[in-house]
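Colleague: Sequence plus the predicted model coming up.
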Amino acid sequence: MFILARAVVYATLFVGFLLVFLPARVLEWSGVTTPPLGAPQIVGAIVALAGAAIAVSCVLAFVFIGRGTPAPFDAPRQLVVRGPYRFVRNPMYLGAGMALLGAALYYESLALATYALVFLLVAHVFVTGYEEPTLRRTFGPAYEEYCRRVGRWWPRKLASS
């Protein structure tokens, strides 16, 4: 239960800062206001909610399967390859990126879409420069096998038996 509490705190801080506070500043700085409800807002809300649901399911997988949290200093103790991690190796970042892109569509904001793309670029650099080497050292052959089976950002076609 303590792991879940830690994960909620860390995820709230991460989400609060990177996915709420900073995007709100981007919208404010670019002069964007809430648009009238239309098709872009409905589609944007659906995309944002889907992305948020993916990210939340990743946090829960880290807690209940990996026995850890999304924070690098309190990472899962077991390799997480189930849940959304069975499709791609980094679904949490993809979910967060989707949420940001959905918000960009909702607000019809090029500045927020740019922020989302920068977020995904920084995530890629973090994944390749820190996370993957750390996971290789921590989980060894199990992680290598996982990398062979599951794509970093794009799902791979499953081989037929």
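Modeller: Cool, got the structure.
Colleague: When you work out contacts or count neighbours from here on, use the C-alpha atoms and nothing else.
Modeller: Fine.
Colleague: residues in contact with the lowest-mean-pLDDT helix or strand in the chain?
Modeller: The weakest-scoring helix or strand in the chain, judged by mean pLDDT, DSSP states H and E, is helix 2-14 (a mean of 74). For helix 2-14, contacts defined as Cα atoms under 8 Å, 6 or more residues apart in numbering pick out 59-60, 63, 67-71.
Colleague: One more: stretch 92-105?
Modeller: By Cα under 8 Å, 6+ apart, the list of residues contacting stretch 92-105 reads 19, 23, 40-41, 43-56, 58-59, 110-113, 116-117, 119-120, 123, 153.
Colleague: Show me what counts as buried in the lengthiest helix in the chain.
Modeller: In terms of residue count, the longest helix belonging to the chain (DSSP state H) is helix 39-64. Across helix 39-64, burial judged by 16 or more other Cα atoms under 10 Å covers 40-41, 44-64.
Colleague: Which of the helices or strands spans the nearest residue to Ala113 once chain neighbours are set aside?
Modeller: Leaving aside its chain neighbours, Ala113 sits nearest to Ala104 (5.1 Å; criterion: Cα to Cα, 6 or more residues apart in numbering). Assigned by DSSP states H and E, Ala104 belongs to helix 91-107.
Colleague: Hey, what's the angle from the next helix-or-strand element following that helix to helix 91-107? Just curious.
Modeller: Where DSSP H and E defines the elements, the next helix or strand beyond helix 91-107 is helix 110-126. On the basis of axes from the mean of the first three to the mean of the last three Cα atoms, to 10 degrees, helix 110-126 is oriented at 170 degrees to helix 91-107.
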